[in-house]
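[1] just coords:
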């Protein structure tokens, strides 16, 4: 760090099992990837190439190489997995992963309806090839999944071989864990946490208010995902209680009153 | 493309007469232009230097050169045309276009009240010099133009020499074609399309929901404009049915149900 | 400028005492800083390294050097000052400023409750070391300060040694000077201006509608702050009446009616 500040919350260190930040690259150029690594590499634990953007970005091989050289794992967004399987191209998906030297994969059903046993079967098969993240929750804001079912789905997916489970929110943060307004479905989150260990969950939380909410509930080392590359630095300050939103949370509110 | 996916909607190819994407550069640096071309050049058909930003950006000549080398035509935003004509400097405008080697021009009346015969006269004169795009719709959200009048204006401007007509939405997507909330004035769009061929219209649609709406209505190859440079990749995935929003639209909803 | 346009509002020139733009860097890479300077250097008078982002950005020394070479002063956001003083580390703060060759400092109490005499004492001490900007207004949207008190606070801080006083709005523009919706508290601003000279105040105005409001009230040369780096060019066009929002304001509405 650039100077000394006392009494900061202790952050986990790379390679992190929890306290990690998953950023979403939705089409950065090679130079932009270099810039992102320069500023935010120390605070970025894994990068998702958002949904199927990897299909159209011209610089894919070189981009993956840059992330690898910086020891930041990369994976294809879950929508790409779904795009392959609705076309009965699961084998091509597996080959594509190998072709690009990808070591993580996301199994999701945000844009499709997928029998859960079949989903777990995909997780199981892929977990023999790569480290699997699986996602629970629909991108369709009309499909509300009750808390007990979120828990059952998450547990089954972990049992099938998922390394972490992801709570769906999209790039915009307005479905799944969140209401259309972006507000957290807090009862849902709290009920999930009674059964699933917090370090096994990555909460997609693209909006600042959502990040703040999770950090206040679960501390500096909560796993957060779908962070825009140019917001990773800002998120790190929120984790450390160095932005207005969490300023008094870690140091204690009484410390923030001076002469009053 | 980086890998094979079956059953994608067929996209037109460059140089496109329709299915094209107009991006808005509102002050990119030279390196940012290079980065944009690297990632999004294949999907960008024309670039507008937003409103009068070209007046203040220090790198104008070099920027235009970069776009030209990438075979992406550039033009000055319509507000610049308006800035010249309210000052009685139309001749200087024509000279400025030539000085910078610009081959397209936009004629608009979004911030002014311009007699329509005079507007068509400007279109006619400029069309002898460059390829003209003309824009219909006011930037003033109080000025609601009824559908029959949109059609009459568009037709008169095409007759006067416009290559394409643009439906106004601003950078924010909250006027003209759209309500202040950003919602599409869908009856307006549908009525326009009964009279004006869809390939002659560029719909300004800076917001994702607006892009999705037009793609669902008119297919992968609708002309869309005012796209932020860092959203062109995302737009291309929406056109291809590879993002959640249009995922089931092209492949068919039944294909998205697996084991259900 | 790239071409001639008559009848533009006259802008002050660098080094500006008023009419200046304060931009907020919240974690740019070195190359992004170079790009920002290339496009927006002529229109950027001072840069704030947003809140405590300077604690975590790896490139701090080099970044400050780049800004210095471009003759753009840099300072640490007020939240960093607060982070030091709630830890009783004011001396370390002063040393950190010197270590990085920073010549400006912000004294604020947006995230803390700070007795105002103590605040003025900090201003007074720091003003012997550097040029001080001090900020009035809370980041807490529940803390509404009445107009007469804004005036008293601002005057006391100027008397204590502040070069300029800043009206708080946050990065988002939704507290302090603004309602949660982002709407300006216009009565507050007008009352402040009856007592404090407009060139002594920097209005944080990150949202376009807020910038437009201040420019319409106070002219092209109002001091505006918390401008995103990629919006400085856009702001300059608004100051010059070259964007739709202020198009008729400087040239006169009658000039915008042609043949009508």
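    All right, it came through fine. Bear in mind that the values here come from a model prediction, so they are computed numbers and not experimental data. Residues are numbered from 1 along each chain as shown, chains lettered A, B, ... in the order given.
[2] Tell me the residues of the stretch 151-260 of chain A that contact chain B?
    Counting by C-beta under 8 Å from any C-beta of the partner chain, the stretch 151-260 of chain A comes close to chain B at residue A:170. Every C-beta, even on glycine, is put in place using the N, C-alpha and C of the backbone.
[3] just the strands in the stretch 151-260 of chain A please.
    Counting by DSSP state E, counting those that start in this stretch, residue ranges of the strands within the stretch 151-260 of chain A are A:162-167, A:201-204, A:224-227, A:257-258.
[4] Can you pull the residues of chain A lying near chain C?
    Contact residues (C-beta under 8 Å from any C-beta) of chain A with chain C: A:1-7, A:31, A:34-36, A:38-43, A:230, A:232-234, A:236-237, A:240, A:242-244, A:247-248, A:251, A:255-260.
[5] want to try JSON lines for the strands of the stretch 151-260 of chain A, with mean pLDDT, distance to residue C:52 and mean neighbour count as columns?
    Compiled in JSON lines, the strands of the stretch 151-260 of chain A are given as follows (pLDDT from 0 to 100; distance: least, C-beta to C-beta, whole Å; neighbours: other C-beta atoms under 10 Å in any protein chain shown):
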{"stretch": "strand A:162-167", "mean pLDDT": "96", "distance to residue C:52": "28", "mean neighbour count": "24"}
{"stretch": "strand A:201-204", "mean pLDDT": "95", "distance to residue C:52": "23", "mean neighbour count": "25"}
{"stretch": "strand A:224-227", "mean pLDDT": "96", "distance to residue C:52": "18", "mean neighbour count": "25"}
{"stretch": "strand A:257-258", "mean pLDDT": "96", "distance to residue C:52": "17", "mean neighbour count": "16"}
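[6] and the nearest residue to residue A:210 once chain neighbours are set aside, how many residues sit next to it?
    Counting by C-beta to C-beta, 6 or more residues apart in numbering or on different chains, residue A:210 lies nearest to residue A:173, which is 5.6 Å off, once chain neighbours are set aside. Other residues near residue A:173 come to 22 when the count uses other C-beta atoms under 10 Å in any protein chain shown.
[7] Distance check, residue A:173 against residue B:206.
    Distance, residue A:173 to residue B:206, by C-beta to C-beta, to the nearest Å: 19 Å.
[8] Same question for residue A:161.
    Counting by C-beta to C-beta, the separation of residue A:161 from residue B:206 is 42 Å.
[9] before we move on, what about residue A:84?
    To residue B:206, residue A:84 is 31 Å away according to C-beta to C-beta.
[10] the longest helix in chain A is where?
    Residue-count comparison of every helix in chain A, with assignments taken from DSSP state H, identifies helix A:147-160 as the longest.
[11] Which strands or helices does that one pack on?
    helix A:116-126, strand A:131-136, strand A:162-167, helix A:186-193 (3 or more C-beta pairs under 8 Å, 6 or more residues apart in numbering or on different chains; DSSP states H and E).
[12] Need the winner for burial among these.
    Across the helices and strands packed on helix A:147-160, averaging neighbours per residue (mean count of other C-beta atoms under 10 Å in any protein chain shown) puts strand A:131-136 on top, at a mean of 25.
[13] quick one: the strands in the stretch 1-150 of chain A?
    A:21-25, A:46-49, A:74-76, A:104-107, A:113-114, A:131-136.
[14] so which of those strands comes closest to chain B?
    The minimum distance between chain B and the strands of the stretch 1-150 of chain A falls on strand A:113-114, with 4.6 Å, by C-beta to the nearest C-beta.
[15] ok, that closest one: who's next to it in the sheet?
    In the sheet containing strand A:113-114, its partner strands are strand B:257-258 (parallel), by DSSP bridges.
[16] hey, which helix or strand in chain A has the poorest pLDDT?
    Lowest by mean pLDDT, DSSP states H and E among the helices and strands of chain A is helix A:186-193, with a mean of 92.
[17] returning to that earlier point: turn the strands of the stretch 1-150 of chain A into a markdown table, including distance to residue C:94.
    Compiled in a markdown table, these are given as follows (distance: least, C-beta to C-beta, whole Å):
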| stretch | distance to residue C:94 |
| --- | --- |
| strand A:21-25 | 32 |
| strand A:46-49 | 39 |
| strand A:74-76 | 43 |
| strand A:104-107 | 46 |
| strand A:113-114 | 60 |
| strand A:131-136 | 46 |
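[18] All set, thanks.
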